[in-house]
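Participant: I'll drop the sequence and a predicted model, then ask my questions.
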Amino acid sequence: MSFAPSSPVTGGPQTGLTSPTYTIVSDTPPNSHSVQYAVTALGGTQTGVEAHSVSLPFTLTMERPAQFRQLGVANPVTGVISNVPMNVFKIRARKGVNIDASQSPKVASCEIKLSIPAGADTEDPESIRAMLSLAAGALWAESADVGDALIDGLI
């Protein structure tokens, strides 16, 4: 896998965080078709945020399909490929959070799922890259608004 974010990772803008950065180190992934990083240090001003620990995990994981699916055969009469399988990649961030002073922490998660039709990787790679570019750019540009929506429920 070539998913290898440079450390420190510069975080997206968020209300209440000033110039957030995250120092990451390689961590043991949950399975053999994933890579995982743990946040070992925080930069900028992130009052109340903790780096990775056993009780409060803070990780970033990328997972590829365990087995890549191939494009099926076209119908010999119609020429239509009726069953187009998807290769699903996932990017997951997990963060241990406190829910109440008298309760054990829980794990919050963010999962981005990328479903790519088999064959598109060779036939139209530029469109796959454009799709990801749009999604990443919008998430970056709207990072604070998305964060606010997770807190106040307004979209």
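Facilitator: Happy to help now that I have it. These numbers come from a predicted model, not from an experiment.

Participant: what residue is smack in the middle of the chain?
Facilitator: For the chain, residue 91 is the residue whose C-alpha lies nearest the centre (CA atoms, centre = their mean; 2.8 Å).

Participant: Which of the three states applies to that one?
Facilitator: Under DSSP: H, G, I helix; E, B strand; the rest coil, residue 91 falls in the strand class.

Participant: what's the single longest helix in this protein?
Facilitator: Longest helix in the chain by number of residues (criterion: DSSP state H): helix 125-141.

Participant: Contacts for the helix or strand following that helix, please.
Facilitator: Towards the C-terminus, the helix or strand next in line after helix 125-141, according to DSSP states H and E, is helix 143-152. Taking CB atoms under 8 Å, 6 or more residues apart in numbering as the criterion, the residues outside helix 143-152 that touch it are 11-15, 139, 154-155. Where you see a C-beta, it was placed from the backbone N, CA and C, and this is true even at glycine.

Participant: Could you dump the residues you listed into JSON lines with neighbour count added?
Facilitator: Listed next are those as JSON lines, based on neighbours: other CB atoms under 10 Å:
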{"residue": "11", "neighbour count": "16"}
{"residue": "12", "neighbour count": "15"}
{"residue": "13", "neighbour count": "16"}
{"residue": "14", "neighbour count": "15"}
{"residue": "15", "neighbour count": "11"}
{"residue": "139", "neighbour count": "13"}
{"residue": "154", "neighbour count": "7"}
{"residue": "155", "neighbour count": "8"}
